[in-house]
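S.K.: Model the structure of this input:
(one chain, ligands or ions: 2)
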Amino acid sequence: MKIPELFEHKKPVFSFEIFPPKRQSGLDKIYDTIEKLSVCQPDFISVTYGAGGNMADNSTCEIASNIKKRFGIEPLAHLTCVNSSMEDVTEMIGRFAKADIENVLALRGDIVPGEAIKKDFSHANELAIEVQRNSGLQILGACYPEGHYESKNLREDIQNLKYKIGAGVKVLITQLFFDNQLFYEFLVQVRNAGIHVPVSAGIMPIVNKKQIEKTVALSGASLPHEFTKMIGLYENDPEELYNHGIQYAVDQIRDLLEHGVDGIHLYTMNNPDVSLAIYEKIKDLL
Ligand SMILES: NC(=O)C1=CN([C@@H]2O[C@H](COP(=O)(O)OP(=O)(O)OC[C@H]3O[C@@H](n4cnc5c(N)ncnc54)[C@H](O)[C@@H]3O)[C@@H](O)[C@H]2O)C=CC1
Ligand SMILES: Nc1nc(=O)c2c([nH]1)NC[C@@H]1CN(c3ccc(C(=O)N[C@@H](CCC(=O)O)C(=O)O)cc3)CN21
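M.R.: Ligands and ions are numbered 1, 2, ... in the order given. Next up, the predicted model:
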C-alpha cells in the first residue's frame with residue numbers, strides 16, 4: 001500500500017515507529033513488540049535506520065519486510081545517506097524493492113563524531129532524488145517544527161524543506177515536540193511557504209529519567225513549563241513519572257486530534273505497554 005494514498009483517504013493516519021534491536025539476538029523480542037502493537041491496528045509502522053547515530057544494526061529491511069509478511073501491516077523503511085555511498089544506497093533500494101517494501105523515509109541521518117561521512121549525499125533531498133530516479137518507492141521525509149538545529153532559523157529550514165518536496169517527498173513526519181503551539185505555528189508557515197503535503201505529528205512519550213536527556217539532545221525540542229513541572233515533580237518517582245509521562249502524551253495527542261492533525265506518529269521506543277496505554281486513551285478520536 002502506498003502511504004501517501006492512505007493520507008488522501010483517511011484522517012487521522014495513526015502510525016508507530018520502532019528501532020531495530022542493537023544485537024541480532026534481540027530480533028525475537030522486536031517481533032513480540034510488533035505483535036503487541038498490532039492490536040492497535042496502526043496504519044503503518046516505521047523502522048529506523050541507524051537511529052540516533054547508531055549504525056551497528058542493518059536489520060531495517062528484514063524487520064520492515066516481516067511487518068508486512070507476518071503481521072499484514074504496512075511498513076515504512078527509514079533510509080539515511082550521510083554515511084552511505086551511491087553504491088550503498090543503490091544496494092539498499094534494491095533490497096527494499098525485493099522485500100516488497102513500498103515506502104521509504106528519506107533522511108540525511110545524524111552526523112556522529114568519529115563516524116566517516118561519505119561525500120555522495122549531503123542532504124535528504126539528494127537521497128530523495130536518487131530514490132525517485134531509481135525505484136518506484138513512495139517517499140516520505142522529516143520536518144522540524146522548531147527548525148533543524150543546523151539551520152539559522154525556522155524560515156531557512158522551511159525553505160530547505162521545499163527542496164524535499166521538489167524531490168518527490170509526498171508526506172512529512174515531524175521531529176518530536178512537547179509544545180503543540182509550536183507545531184500549529186509551524187504548520188501555518190509551512191502552508192504559507194506553498195507546501196501542501198500531509199504532515200504527521202511525531203510524539204514521543206517520556207516515561208523515564210534516562211529518556212529526558214537523550215531525547216532533548218537528539219531533537220533539541222523545547223520544554224514547555226507544564227513539561228518541566230511534571231519532570232520536577234516526579235523525576236525521582238519512577239512509577240509516577242511513567243504514569244504522568246503517558247498522560248502528557250495523551251493530552252498532547254488529544255489536542256492535536258481536536259485540531260484536525262493529518263496524522264499521529266508515535267515514537268514507541270520499542271515499548272508496547274506504553275504505546276497500548278496511550279492508544280486506549282486516544283482511540284475514541286482515531
Ligand atoms: N535515523 C532515523 O531513522 C531518523 C533520523 N532523523 C534525524 O533527523 C536529522 C536530519 O535529517 P533530515 O531531515 O533528513 O536532513 P536534511 O538534509 O533534510 O536537513 C539537515 C539540515 O540541512 C539543511 N538542508 C536540507 N536540505 C538542504 C539543501 N538542499 N541545501 C542546504 N541545506 C539543506 C536543513 O535545513 C537542516 O538544517 C538527522 O539528524 C536525522 O538522522 C530523524 C528521524 C528518524
Ligand atoms: N536526530 C534524530 N535522530 C533520530 O534518529 C531520530 C530523531 N532525531 N527524531 C525522531 C526519531 C526518534 N528516534 C530515536 C530517539 C531516541 C533513541 C534512543 O534513545 N536510542 C537509545 C536506545 C534506547 C533503548 O534501547 O531503549 C540508544 O542508545 O541509541 C533512538 C531513536 C529516531 N529518530
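S.K.: how about low-confidence regions in the stretch 1-150 of the chain?
M.R.: Within the stretch 1-150 of the chain, the stretches with pLDDT under 70 are 51-57.
S.K.: What parts of it come near ligand 1?
M.R.: 48-51, 78, 80, 107-110, 123-125, 142, 148, 150 (Cβ under 6 Å from any ligand atom). Just so you know, the C-beta spots here come from the backbone N, C-alpha and C atoms, and that holds for glycine as well.
S.K.: Out of the residues you listed, which sit inside strands?
M.R.: Counting by DSSP state E, the part of these found in strands is 78, 80, 107, 142.
S.K.: Now the closest residue to residue 38 other than its chain neighbours, what are its backbone angles?
M.R.: Nearest non-adjacent residue to residue 38, counting by Cβ to Cβ, 6 or more residues apart in numbering: residue 71, 5.0 Å away. When read as degrees, to the nearest 10, the backbone of residue 71 gives phi -120, psi 0.
S.K.: Return the residues in contact with residue 71.
M.R.: Contacts of residue 71 were listed using Cβ atoms under 8 Å, 6 or more residues apart in numbering, and they are 34-35, 38.
S.K.: Please name every helix or strand in contact with the biggest helix by length in the chain.
M.R.: In the chain, taking DSSP state H as the definition, the longest helix is helix 238-258. Secondary-structure packing of helix 238-258 (3 or more Cβ pairs under 8 Å, 6 or more residues apart in numbering; DSSP states H and E): helix 180-192, strand 199-203, helix 225-234, strand 263-267, helix 272-282.
S.K.: what helix or strand is residue 215 on?
M.R.: helix 209-219 (DSSP states H and E).
S.K.: before we move on, back to that, pull out the buried residues from the longest helix of the chain.
M.R.: Residues 241-242, 244-246, 248-250, 252-253, 256-257 are the ones in helix 238-258 that count as buried (16 or more other Cβ atoms under 10 Å).
S.K.: do the same with stretch 73-86
M.R.: 73-84.
S.K.: can I get those residues in a markdown table with distance to residue 275?
M.R.: Formatted as a markdown table, those follow (distance: Cβ to Cβ, whole Å):
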| residue | distance to residue 275 |
| --- | --- |
| 73 | 13 |
| 74 | 17 |
| 75 | 16 |
| 76 | 16 |
| 77 | 20 |
| 78 | 18 |
| 79 | 24 |
| 80 | 24 |
| 81 | 29 |
| 82 | 29 |
| 83 | 29 |
| 84 | 30 |
